[in-house]
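Engineer: Sequence first, then the predicted structure, then my questions.
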Amino acid sequence: ETGDQDILVASASGSPKFVVTNSGNVGIGTTGPGARLEVAFPNTMVGFRLRNTTVNQASVDITTGSDHGRIILRNSSGGTGINLIASGDSYFMNGNVGIGTTSPLANLHVVGQCVTGDTLLPIRRRRKRKKSDDDSDDDLWDYFFCRIDQVLPGDEVLTLNEVTGALTYSKINKLMDMGIQDVYEITTKSGHTITTTKEHPYLVLIDQVKPQNQLDQSSINQISNSQGGYQHA
């Protein structure tokens, strides 16, 4: 073909399925590819799959959702090993990795709900001894305040059950280092302080809440030096 016509068009039932334009772009599922290779497909389909035929169902899938792109690395049974979804903000810049931020300041910079490593948690830790007939359940635990960066898997932290309103102990499965983040120091009316990211939610008594325009520097102070953050799960 010459002029403005496409070099190659492959159709099925009168509908173009494969196009090579006169500019050299290749389109699959589209007659107007805007890149060297453009694949157009409905939300329910995988747009691109790279698969090793000798390793069962292991593959790399590239697809899209209704409002985001997605890369899925599947294991040999076809299950999802790694799922990268572009519905948030994650960036790789100059060797730094940013999750939730476009400007990572360290090798790993995560913006999320966490507190600094020196935050004290009310926990209980099971004692390393056999239970005797005279032991009550409380005799099997040590109760104390522990820095969050020193808690151990299996420790239990005192948490609020938002359904019942009761304080209960919940098991900590693991500790996640959230990297370097900007943090803020919050001071309560009773004088207690906590250093936390701005995304971390907190419960307060409604009748004691100040409107945002009444908050001053003595209420919330940004810490100029970013600190490492931790989150338990």
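Structural biologist: Nice, I can see it.
Engineer: Can you get me a residue count around residue 38?
Structural biologist: Residue 38 has 16 neighbours, counted by other CB atoms under 10 Å. Just so you know, the C-beta spots here come from the backbone N, C-alpha and C atoms, and that holds for glycine as well.
Engineer: Output the below-cut-off pLDDT ranges for this structure.
Structural biologist: 1-4, 44, 55, 66, 87-93, 100-102, 110-113, 129-139, 178-179, 205-233 (pLDDT under 70).
Engineer: residue ranges of the helices in it, please?
Structural biologist: Applying DSSP state H to the chain gives no helices.
Engineer: and residue 29, how far is that from residue 97?
Structural biologist: 33 Å (CB to CB, to the nearest Å).
Engineer: sorry, that was for residue 118
Structural biologist: 24 Å.
Engineer: ditto for residue 80
Structural biologist: For residue 80, the distance to residue 97 - CB to CB - is 21 Å.
Engineer: more neighbours, residue 118 and residue 97?
Structural biologist: residue 97 (16 against 13).
Engineer: Could you find the closest non-adjacent residue to that one?
Structural biologist: With sequence-adjacent residues excluded and distances taken as CB to CB, 6 or more residues apart in numbering, residue 97 is closest to residue 108, at 5.2 Å.
Engineer: Who are the contact partners of the one you found?
Structural biologist: 96, 97, 99, 177, 179, 180 (CB atoms under 8 Å, 6 or more residues apart in numbering).
Engineer: Compare those and tell me which is most surrounded.
Structural biologist: Most surrounded of these: other CB under 10 Å gives residue 179, at 24 neighbours.
Engineer: Return the subset of the contacts of residue 108 lying in strands.
Structural biologist: Cross-referencing the contacts of residue 108 against strands under DSSP state E gives 96, 97, 99, 177, 179, 180.
Engineer: Could you dump the contacts of residue 108 into a markdown table and include distance to residue 194?
Structural biologist: What follows is the contacts of residue 108, written out as a markdown table (distance: CB to CB, whole Å):
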| residue | distance to residue 194 |
| --- | --- |
| 96 | 27 |
| 97 | 27 |
| 99 | 23 |
| 177 | 18 |
| 179 | 19 |
| 180 | 18 |
